[in-house]
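Colleague: Attaching a predicted model along with its sequence, questions to come.
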Amino acid sequence: MSVNWEDMRTVLALVRHRTLAGAGEALGLNYTTVARRIQRAEEATGSVLFERLIDGYRPTEVGLAAARHAEAMEQAEHDFTRGVVASDQTLSGRFILTAPQLMIGSYIAPVLAEFSERHPEVDLDVRATNELLDLNRREADLAIRISRTPGDDLMGLRLTAQETASFATPALAEQIEAEPDTPIPWVMHSSANAPPMAVLKKYPKGYIRLKFDDVIAVIGAARHGLGVARLPLFLGRAEPGLVQVPLLPPQPYADIWLVGHRDIWRSAKPRAFRQLLVPAFRKRRSEFVASA
């Protein structure tokens, strides 16, 4: 029995994502190619690897066993490629960085510009996303993350602590100051169930007016006077249509970290990027923490 590695990789992707379209997106393939590879893997193994259901593909026991073997092969491949990258001390070739979208323009772009000028042979690839890309699978070489813990299996360096506070339009801020007993509307992330507890103790009439699943939307709503927003200091203070209101004194928030896989951390490109990024963040620490 001879099974193609790309077919096995496709089996693993379909187990992970359950649909042809999902597996195809993960692999950069169209769904017909995924279906063809699954059929070829089943023919090579002489077994049914998936049950075809209305809501997707469910792996059989043989399919799960095949996926476990494929995962071990994938891990071996990642171990090998990380080892190759770790031994690479040249400042050329591809370098992948991932970072939250809202940090790139003001904080990371200047570092990228200097890095590119110093190392023109490096092919920079920046993934602007809040998703935690898998550094073990080399979806990125380095990641800037807002987190309380960088990850036990990763190397991490804290760029800065940060705090949050409350922000609103000048008109709403003046109204709150003039009429502290009036109900105070909040615009918040969809993960919130109520205004901050520290606020409700002093202003018990606070209520959530609108929820959003995106921070940019929260900022936009606050700028249009729809309510008070709780934001990291670096975001709230940078918005020209918002002012800090004393409803919520600055509160500790998740730190900003630079993280990478242990095998990659000391190779040339990540090391050169760290040498520029770390001092750039530490010079601007006062934008993240009120007491700095």
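Modeller: Cool, the structure landed.
Colleague: Would you mind naming the residues that bridge with R58?
Modeller: E51 (DSSP bridges).
Colleague: which residues does it contact?
Modeller: R18, F50, E51 (CB atoms under 8 Å, 6 or more residues apart in numbering). Using the backbone N, CA and C atoms, a C-beta is placed for each residue, glycine as well.
Colleague: again, only using 10 Å
Modeller: With contacts defined as CB atoms under 10 Å, 6 or more residues apart in numbering, R58 is in contact with V15, R18, F50, E51, R52, L64.
Colleague: how about the CA coordinates for the helix or strand harbouring T32, as CSV?
Modeller: T32 belongs to helix 31-45 when assigned by DSSP states H and E. Taking Å, rounded to 0.1, in the frame of the first residue of the first chain, the C-alpha atoms of helix 31-45 are listed here in CSV:
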residue,chain,number,x,y,z
TYR,A,31,-13.0,21.7,-2.6
THR,A,32,-13.0,19.5,-5.7
THR,A,33,-9.3,18.9,-5.3
VAL,A,34,-9.9,18.0,-1.6
ALA,A,35,-12.6,15.6,-2.6
ARG,A,36,-10.4,14.0,-5.2
ARG,A,37,-7.5,13.6,-2.8
ILE,A,38,-9.8,12.0,-0.2
GLN,A,39,-11.1,9.5,-2.7
ARG,A,40,-7.5,8.7,-3.8
ALA,A,41,-6.5,8.1,-0.1
GLU,A,42,-9.5,5.8,0.4
GLU,A,43,-8.6,3.8,-2.7
ALA,A,44,-4.9,3.6,-1.6
THR,A,45,-5.9,2.3,1.9
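Colleague: So for it, what gets flagged as buried?
Modeller: Of all the residues in helix 31-45, those buried under the rule 16 or more other CB atoms under 10 Å are T33, V34, A35, R37, I38, A41, E42, T45.
Colleague: Looking at those, which two lie furthest apart in space?
Modeller: T33 and T45 (18.8 Å; CB to CB).
Colleague: Might one say that I256 is in contact with I146?
Modeller: Yes. In this structure, I256 is within contact of I146 by CB atoms under 10 Å, at 5.6 Å.
Colleague: any shared contact partners between these two?
Modeller: With CB under 10 Å, 6+ apart as the test, I256 and I146 both reach A99, P100, M103, Q162, P232.
Colleague: Narrow those to those that are buried.
Modeller: Buried among the shared contacts of I256 and I146 (16+ other CB under 10 Å): A99, P100, M103, Q162, P232.
Colleague: quick one: the residue lying closest to the second one once chain neighbours are set aside and G93, what's the gap?
Modeller: Distances taken as CB to CB, 6 or more residues apart in numbering place N130 nearest to P100, at 5.2 Å, with adjacent residues excluded. When distance is defined by CB to CB, to the nearest Å, N130 is 27 Å away from G93.
Colleague: Same check on L112?
Modeller: 16 Å.
Colleague: out of the two, which sits in the busier spot?
Modeller: L112 (17 against 12; other CB atoms under 10 Å).
Colleague: In which helix or strand does that one reside?
Modeller: helix 109-118.
Colleague: average pLDDT for the helix or strand sitting right after that helix along the chain?
Modeller: Heading C-terminal from helix 109-118, the first helix or strand you meet, by DSSP H and E, is strand 122-128. For strand 122-128, mean pLDDT rounds to 90.
Colleague: Equivalent analysis for stretch 213-220, please.
Modeller: In the prediction, stretch 213-220 has an average pLDDT of 92.
Colleague: pull the CA atoms of it into CSV?
Modeller: Output of stretch 213-220 as CSV, limited to C-alpha atoms (Å, rounded to 0.1, in the frame of the first residue of the first chain):
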residue,chain,number,x,y,z
ASP,A,213,-17.8,41.6,18.2
ASP,A,214,-15.0,43.9,17.0
VAL,A,215,-13.0,46.6,18.8
ILE,A,216,-13.0,48.9,15.7
ALA,A,217,-16.8,48.9,15.8
VAL,A,218,-16.8,49.7,19.5
ILE,A,219,-14.5,52.7,18.9
GLY,A,220,-16.7,53.9,16.0
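Colleague: Now do it: everything it contacts.
Modeller: 100-102, 130, 167, 186-192, 210-212, 226-227, 229-232, 235-236, 238-239, 241-242.
Colleague: mind listing what's buried in that stretch?
Modeller: V215, V218, I219, G220.
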